[in-house]
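[1] Predicted coordinates and the sequence they were generated for:
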Amino acid sequence: MSLRFLLEIGTEEIPDWMIVGALNHLQDQVAKVARPASLKSDATPRRLVIRAEGIIEREADEEELLLGPPKSAGPGAAAGFAKKMGTTPDRLGTETTAKGEYLSFKKKVEGRRSIDILADALPGIILGIPWPKAMYWNGKGSSRFIRPIRWLVALLGDQVVPFEIEDVRSGNATQGHRILGKKDVAVAIDTYEQQLRDNYVELSSDARYDRIADFVQVQGAKLDMALARTLTYMTEWPTPIVGTFDAEYLQLPREILVTVMRHHQRYFAFETPEGEIEPRFVAVMNTDGDPEGLVRRGNERVLRARFNDARFFCQSDLKRKLEDRLPDLAHVTFQAKLGSYLDKTHRIVELTKELHGNEMAQRAALLSKTDLTTDMVKEFTDLQGIVGGLYAREQGEPEHVWRAIYEHYKPLSMEDSIPRTHAGQIVALADKLDTLRECFRIGLVPTGSKDPFALRRAAQGVVRILVEARISAPLVDLVKGDEQLLEFLKDRVSFYFRDTRGFRYDEVNACMAAGYSELVDLDDRLKRVQAVRSTPDFEPIAASFKRIKNILTQAGFTDTGKARPDLLEPGPERELYDEYERGEGQPLESRIASLRPKVDLFFDKVLVNAPDRAVRHNRLTLLNNLLTDFSTIADFSEIVTQKQD
């Protein structure tokens, strides 16, 4: 008989960005313990839920073989062992081991009930969720969790799975919406989701997302999918409404308007087809309606105050030139051991020069961090860089300068674009590279999930800018001899080409094995290998190169000279040499088809390990010449062929 299982952990509101990771952990751990046929998870801000089907009622009985004394020990020892096993001597068996014959007994071990297994395991599973932060909610020394646990629902079939965490006992009673629902709702697995819905809790995160997204799109606002997902995990009964604001605020830059609405109020903006902001917004309530408009007016009032603040900051900030703010950066700490942002600015300027940035790039580098001293950025930190660019434009800086300042934090994510201008690309590269160099220099290397200076993102940005802007700057030169940083960047290079660009892992391994420091060259070589991979001769010749590499390795061959034509035998050996010579220096794409049959015939007809030492050495030299030539593109022995798959 198989059973269904329901687990609900009821808490105070959990931060939206922590929920998915917690669900994944719960799902994995419950699956290991309960071994269900199927399992799914979902959550709201106040509950984490696991539902499973196909859990066996109890484990199968097993027999455990227990060894006793040696058979030669005599009747007394046998009687003692039998008594210990709860049986009689005549029911004992014998087991032959490497050390001789021993008395044995097969003891029946009854399979445990799943309800007992779950009752033992669930407290540890729940308290073992790896939260980024956790709190004591029952006094110091008690259990830690992200927020206080208020109730626990645990049902296997129609039975409660009994356990307790910090005086909260599992049961069959959940809670509805904090304001709209009932406080105690007895639930059953069959009707659980509907019972929540009757109490203004929509359990399905997909349904909550759709409710938000559909309203936004129907109303004509711009759907921000990331914001919609955030609001999905901040509400149990999302109800969107439309609000307005005075058109006079449209005089503020659109970036400031959008940031205030999105990042601080979590509102969706309305835009015209031309990208201009309209004086309306969509807010999402965690309730069932706003018939008298009280919530709408409250949101409008708050937004008006935020816009007033932004307008005041903007007017006040623009009274000072960005260049006049440079000395203030001496009082803004970058990192305790690395000095101030003024120190960092000087390093960025020098790096920009090293990267051959022109005067525009150097000017942008000098002003790039000055907006950190503005009231606008102090209040709206998401606008750093953007505000600097906007202020630079207002203060008459050339477009290449203000735009480079505006974009120098890009890319902020794998989905974000790199800076559009060359000056912006150089300043962004210099900024990220400085952060990496200096942090690695003092030992601030990311470990596990800890990366307080976002060094992984900075490294990924360096890789993307070098490749996508096609900037020729070898990584080995950029790291200034820091092998640890070079290895760190190597991992980001591999990740970028595999997971972002979509090259196959063995193509990436093969091309990186032939060199990865010059990323523009690596990009070109990967494209070439990818282009010829589908041709019929590619995999056979890749397999041949693997064979060549093995032969040379086994022979311990290290000679870098050229094969001697006078030692070549007529036939397949000479034909391979001639074909190699004809194609030397030509692109890979034009050589594989003609070389492949010559290589095949060589291995079929020619004995590489010839008895004559000079002939053998010459044949190994020919193979090494061939391997070395192609290895400037990729180490083809890294290519996984169909036989290996």
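    Looks like it arrived, so ask away. What you see is a predicted model, and the numbers here were worked out from it, not measured in a lab.

[2] low-scoring stretches of the chain, by residue?
    Along the chain, segments meeting pLDDT under 70 span 642-645.

[3] Need the single longest helix in it, by residues.
    Scanning the chain for the helix with the most residues, using DSSP state H, yields helix 294-317.

[4] what's in contact with that helix?
    The set of residues external to helix 294-317 that reach it, using Cβ atoms under 8 Å, 6 or more residues apart in numbering, is 241-246, 249, 251-253, 256-257, 260-261, 264-265, 267, 281, 283, 285, 287, 290, 374-376, 379-380, 387, 391. C-beta coordinates here come from the backbone N, C-alpha and C atoms, glycine included.

[5] Any buried residues in that helix, and which?
    Buried positions in helix 294-317, judged by neighbour count with 16 or more other Cβ atoms under 10 Å: 295-296, 299-300, 303, 306-307, 309-310, 313-314, 317.

[6] Check the separation of the first and last residues in stretch 210-230.
    End-to-end distance of stretch 210-230 (Cα to Cα, to the nearest Å): 13 Å.

[7] picking that back up, how far is the longest helix of the chain from where the chain is centred?
    36 Å (Cα atoms, centre = their mean, to the nearest Å).

[8] and it, C-alpha only, in PDB?
    In PDB, the C-alpha atoms belonging to helix 294-317 read as follows (Å, rounded to 0.1, in the frame of the first residue of the first chain):
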ATOM      1  CA  LEU A 294      -7.200  53.500   0.700                       C
ATOM      2  CA  VAL A 295      -4.300  51.300  -0.300                       C
ATOM      3  CA  ARG A 296      -3.900  53.000  -3.700                       C
ATOM      4  CA  ARG A 297      -3.800  56.400  -2.100                       C
ATOM      5  CA  GLY A 298      -1.300  55.200   0.500                       C
ATOM      6  CA  ASN A 299       1.000  54.000  -2.300                       C
ATOM      7  CA  GLU A 300       0.600  57.200  -4.200                       C
ATOM      8  CA  ARG A 301       1.500  59.200  -1.100                       C
ATOM      9  CA  VAL A 302       4.600  57.200  -0.400                       C
ATOM     10  CA  LEU A 303       5.700  57.400  -4.100                       C
ATOM     11  CA  ARG A 304       5.200  61.100  -4.100                       C
ATOM     12  CA  ALA A 305       7.500  61.500  -1.100                       C
ATOM     13  CA  ARG A 306      10.200  59.300  -2.700                       C
ATOM     14  CA  PHE A 307      10.000  61.400  -5.900                       C
ATOM     15  CA  ASN A 308      10.300  64.600  -3.900                       C
ATOM     16  CA  ASP A 309      13.400  63.200  -2.200                       C
ATOM     17  CA  ALA A 310      14.900  62.200  -5.500                       C
ATOM     18  CA  ARG A 311      14.200  65.600  -7.000                       C
ATOM     19  CA  PHE A 312      15.800  67.400  -4.000                       C
ATOM     20  CA  PHE A 313      18.800  65.200  -4.100                       C
ATOM     21  CA  CYS A 314      19.200  65.800  -7.900                       C
ATOM     22  CA  GLN A 315      19.000  69.600  -7.600                       C
ATOM     23  CA  SER A 316      21.400  69.600  -4.600                       C
ATOM     24  CA  ASP A 317      23.900  67.300  -6.100                       C
END
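
[9] Which SSE is immediately downstream of it?
    Using DSSP states H and E, the helix or strand that directly follows helix 294-317 along the chain is strand 333-335.

[10] Neighbouring strands of the next helix or strand after that following strand in the sheet, and parallel or not?
    Using DSSP H and E, the helix or strand that follows strand 333-335 in sequence is strand 339-340. Strand 339-340 has the following sheet partners, assigned by DSSP bridges: strand 333-335 (antiparallel).
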